[in-house]
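**Q** please work out how this folds:
(chains A and B)
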Amino acid sequence: MIRCVEVTKIFRKNGSEVTSLDRFTAEVAEGEFVAVRGPSGSGKTTLLLTLGGMQRPSAGTVQLGGRDLYALSPSERAKLRSSEIGFVFQMFHLVPYLDLLGNVLLAYPGKPSEAVRQRAAGLLDELGLAKRGSHRPGELSAGERQRLAVARALLNRPKVILADEPTGNLDPENAAEVIRHLAEFHRGGGTVVLVTHGTAAETHADRILRLVQGRLLAD
Amino acid sequence: MSVLSHILREMGFRKLNTLFSLLGLSLAVTVVVASQLLAEADERETRRVTRDMGFNLRLIPAKTDLTQFYRDGFSRHAMDVSMLDRLATQLTNNVSFNHLVGSLRREYTINSQDVLLVGLSETYVAPGQGKKPMGFVIKKGTIHIGSQVALVQKKKKGEKMHIGVREFTVANDTIETGTPDDITIFARLDDVQSVLGLAGKINEIEAIDCLCLTADQDPLAILRKEIGGILPEVQVVQKRTLADARAKQRQTREKVNGVVLPSVLLASAVWIALLAVFNVRDRRQEIGILRALGKGGGRIAGLFLGKAVMVGLVAALIGAALGTWVVLEFGPSLFPVTKKAIHANWPLAAQLIVATPLFAALASFIPAMLAVSHDPAETLRED
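**A** Numbers count the residues shown, from 1 in each chain, chains lettered A, B, ... in the order given. Predicted structure coming up:
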């Protein structure tokens, strides 16, 4: 599903260089749940953004479903992101002026049909947010916001969900709830790459990758 | 979700940004509409007021002795009235003079009082400029008399008065002007020609210059060249001070209008651009997530430019209405002489309704491009 070969990402700022990913090579099979662990600054988020086609690596290749992500044009990459990848971020990144349904539907490319609207409403229901469909994100608790972000990530039936510390701002109960939904997606055949420095996901993960200073330590 | 719906919701959410954008642009449109309407009114008023200051060009027979002319106030030589017709046929918008009136002036004695008898022709104006007479209209068989004439002759408006064998009706209430007009009797040209036995003759053509020439441009040389090319039989005398005052007044107004309008447009463009930059900054995370969700640069630019267009459209409607109201409400007290000519300018309003959204979009273009080129990874990694 995902194949990284010698992926390196170097940030240059004020004349100095920081290597965030250092010749990272790994594969994630279709339907696999992979947790990426490492301390702060180890390159986890960079890896996730690179896997999602959001951050071009300085060197190396990233393949998704056999396609070289960064050989695609920006619009092809955007289309691929929309149809095959779902993102969940630690800071939720919801659109504050859209209601819950609007936030979920935002993920849909183009004008959503009635069927898509029903699916969005169904996802809100599954994630325990059905009664709050007309609310805005600012009116939700952190746990509810993250569940909303999960619903948005699931709308287009992606092949892979890339989750960046999705439980980082949640209490244990809500964190477990979010992980449970990701695990459900995985059980349905979806691929999950979960960046975390906690241990909550370890019971669900098929494999754990450990990153230190941008390098893959253990697989 | 459609772009329009997205824009409307964002505008509703960020009310202050939307309100300030709307206020800035509405104010700009109001100023543009009001300044344009006031400029039109000002121009009319200036034309009318300066026109009412009197003729500043005097065309007299070439052989006139200027010493005699200035002493007596008229030329003792006459010229054929056909010369007035000849000059009138050359009146276009491309010549530097307008408002031609032929006159016949002579001293005349009535009941031992020496007066100035002046016959005035109709006014000739360039095509497309109406045919409004300078000063007053004199009906056949009537006269307008100066205050001293009225005093000595003991005549009032509506009373009969004889000039030679002809009887005329006094058509005016007299006021003291402190000028030779106080000892003048104005009548129609043909009436005065009849009284003086000078049928078909005039001794002066009065005119007004085009308001566009100032002293530094040597207007007299230009006017003499233009008029001399048509009527070599006349010499041109200009009331220089009056002509300069008129030209300077008009040029000052044009300069003011030339500064106000660009300044307002520039200030509003900067205002809109700044608000759009703040809006982009506020929405960095949103831009990031839109990118992550696969939305292209076109959609993101559309959110910002679309917002500018919508704000521009609403601002144009508000500003056009407000600017028009301001001028209709306060214009008449500013321009009392031509207040009846103050009207709404609907073609201008229509143009602004088209132009303002485009202007707003143009002002927001750079911020929108900033949004499009913004690296989403930067904001998505923020925690």
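**Q** for the closest residue to chain A within the stretch 201-350 of chain B, what is the enclosing helix or strand?
**A** Closest contact between the stretch 201-350 of chain B and chain A, by C-beta to the nearest C-beta, is at residue B:294 (2.7 Å). In this view, the C-beta of every residue, glycine as well, is placed from N, C-alpha and C. Using DSSP states H and E, residue B:294 maps to neither a helix nor a strand.
**Q** neighbours of the spatially closest residue to it that is not a sequence neighbour, how many?
**A** Closest residue to residue B:294 in three dimensions, ignoring its sequence neighbours and counting by C-beta to C-beta, 6 or more residues apart in numbering or on different chains: residue A:82, at 2.7 Å. Residues lying near residue A:82 (other C-beta atoms under 10 Å in any protein chain shown) number 20.
**Q** element containing the nearest residue to residue A:128 once chain neighbours are set aside, please.
**A** When the adjacent residues along the chain are set aside, residue A:128 lies closest to residue A:147, with 6.5 Å between them (C-beta to C-beta, 6+ apart). Per DSSP H and E, residue A:147 falls inside helix A:142-154.
**Q** how far is that helix from where the chain is centred?
**A** Distance of helix A:142-154 from the chain centroid (C-alpha atoms, centre = their mean, to the nearest Å) equals 11 Å.
**Q** same check on stretch A:11-18?
**A** In this view, stretch A:11-18 has its centroid 27 Å away from the chain centroid, taken as C-alpha atoms, centre = their mean.
**Q** what do you get for stretch A:117-129?
**A** Remark: stretch A:117-129 is offset 19 Å from the chain centroid, using C-alpha atoms, centre = their mean.
**Q** for it, list the C-alpha coordinates in PDB.
**A** Provided in PDB are the C-alpha atoms of stretch A:117-129 (Å, rounded to 0.1, in the frame of the first residue of the first chain):
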ATOM      1  CA  ARG A 117     -25.200  13.600   3.000                       C
ATOM      2  CA  GLN A 118     -26.800  10.600   4.500                       C
ATOM      3  CA  ARG A 119     -23.400   8.900   4.800                       C
ATOM      4  CA  ALA A 120     -22.100  11.900   6.600                       C
ATOM      5  CA  ALA A 121     -25.100  12.000   8.900                       C
ATOM      6  CA  GLY A 122     -24.600   8.200   9.500                       C
ATOM      7  CA  LEU A 123     -20.900   8.700  10.400                       C
ATOM      8  CA  LEU A 124     -21.900  11.400  12.900                       C
ATOM      9  CA  ASP A 125     -24.400   9.000  14.300                       C
ATOM     10  CA  GLU A 126     -21.800   6.200  14.600                       C
ATOM     11  CA  LEU A 127     -19.400   8.500  16.300                       C
ATOM     12  CA  GLY A 128     -22.000   9.700  18.800                       C
ATOM     13  CA  LEU A 129     -22.400  13.200  17.300                       C
END
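**Q** packing partners of the helix holding residue A:147?
**A** Helix A:142-154 is packed against strand A:85-89, helix A:100-105, helix A:114-126, strand A:160-164, helix A:172-187, with contacts defined by 3 or more C-beta pairs under 8 Å, 6 or more residues apart in numbering or on different chains; DSSP states H and E.
**Q** strands paired with the helix or strand residue B:117 falls within, and their directions?
**A** Using DSSP H and E, residue B:117 sits within strand B:113-124. Strand B:113-124 pairs in its sheet with strand B:97-110 (antiparallel), strand B:184-188 (parallel), by DSSP bridges.
**Q** how many residues are close by the residue lying closest to residue B:64 once chain neighbours are set aside?
**A** Once flanking residues are discounted, residue B:64 sits nearest to residue B:75: 4.1 Å by C-beta to C-beta, 6+ apart. Burial measure for residue B:75: 25 neighbouring residues, criterion other C-beta under 10 Å.
**Q** picking up where we left off before, does the residue nearest to residue A:128 touch residue A:180 like I think?
**A** No. Checked against C-beta atoms under 8 Å, the pair residue A:147 and residue A:180 is beyond contact range at 10.2 Å.
**Q** more crowded one of the two?
**A** The residue with more neighbours, out of residue A:147 and residue A:180, is residue A:147; 27 against 10, by other C-beta under 10 Å.
**Q** where does the chain have low pLDDT?
**A** Looking at chain A here, since you left the chain open. Along chain A, the model assigns pLDDT under 70 to residues A:200-201, A:218-219.
**Q** I was after chain B.
**A** Ranges of chain B meeting pLDDT under 70: B:47, B:49-54, B:93, B:128-136, B:210-217, B:242-243, B:246, B:382-383.
**Q** would you map the strands across it?
**A** B:57-61, B:79-80, B:97-110, B:113-124, B:142-145, B:160-163, B:166-170, B:184-188, B:201-202, B:204-209, B:234-238 (DSSP state E).
**Q** which ones are touching the closest residue to residue B:116 other than its chain neighbours?
**A** Setting aside the residues directly before and after it, residue B:116 is nearest to residue B:184 in space (C-beta to C-beta, 6+ apart), at 4.4 Å. Contacts for residue B:184 were tallied using C-beta atoms under 8 Å, 6 or more residues apart in numbering or on different chains; they are B:115, B:116, B:117, B:118, B:145, B:146, B:149.
**Q** so which of the residues you listed is the most crowded?
**A** The most crowded member of the contacts of residue B:184, judged by other C-beta under 10 Å, is residue B:145 (28 neighbours).
**Q** any idea how far chain B is from the nearest residue to residue A:171 once chain neighbours are set aside?
**A** Distance criterion C-beta to C-beta, 6+ apart; nearest residue to residue A:171, sequence neighbours excluded, is residue A:143 at 7.0 Å. The gap separating residue A:143 from chain B is 17 Å, by C-beta to the nearest C-beta, to the nearest Å.
**Q** repeat for residue A:15
**A** On the measure of C-beta to the nearest C-beta, residue A:15 and chain B end up 19 Å apart.
**Q** count of neighbours near that residue?
**A** Residue A:15 has 5 nearby residues by other C-beta under 10 Å.
**Q** so which helix or strand takes in residue A:63?
**A** Assigned by DSSP H and E, residue A:63 falls in strand A:59-64.
**Q** now check that strand, is it near chain B?
**A** No. Strand A:59-64 does not reach chain B (C-beta under 8 Å from any C-beta of the partner chain); its nearest approach is 13.1 Å.
**Q** got the residues of the stretch 251-383 of chain B near chain A?
**A** Neighbours of chain A within the stretch 251-383 of chain B, by C-beta under 8 Å from any C-beta: B:285-286, B:288-297, B:376-377, B:380-383.
**Q** mind running it again at 7 Å?
**A** Within the stretch 251-383 of chain B, the positions adjacent to chain A are B:285-286, B:288-289, B:291-296, B:376-377, B:380-383 by C-beta under 7 Å from any C-beta of the partner chain.
**Q** and the two most separated of those residues?
**A** For these, the farthest-apart pair by C-beta to C-beta is B:296 and B:383; their separation is 26.2 Å.
**Q** hmm, the residue nearest to residue A:171 is touching residue A:174, no?
**A** Yes. Counting by C-beta atoms under 7 Å, residue A:174 is a contact partner of residue A:143 at 3.0 Å.
**Q** quick one: the closest residue to residue A:28 other than its chain neighbours from residue B:153, how far?
**A** Nearest residue to residue A:28, sequence neighbours excluded (C-beta to C-beta, 6+ apart): residue A:2, at 4.1 Å. Residue A:2 is 113 Å from residue B:153, where distance means C-beta to C-beta, to the nearest Å.
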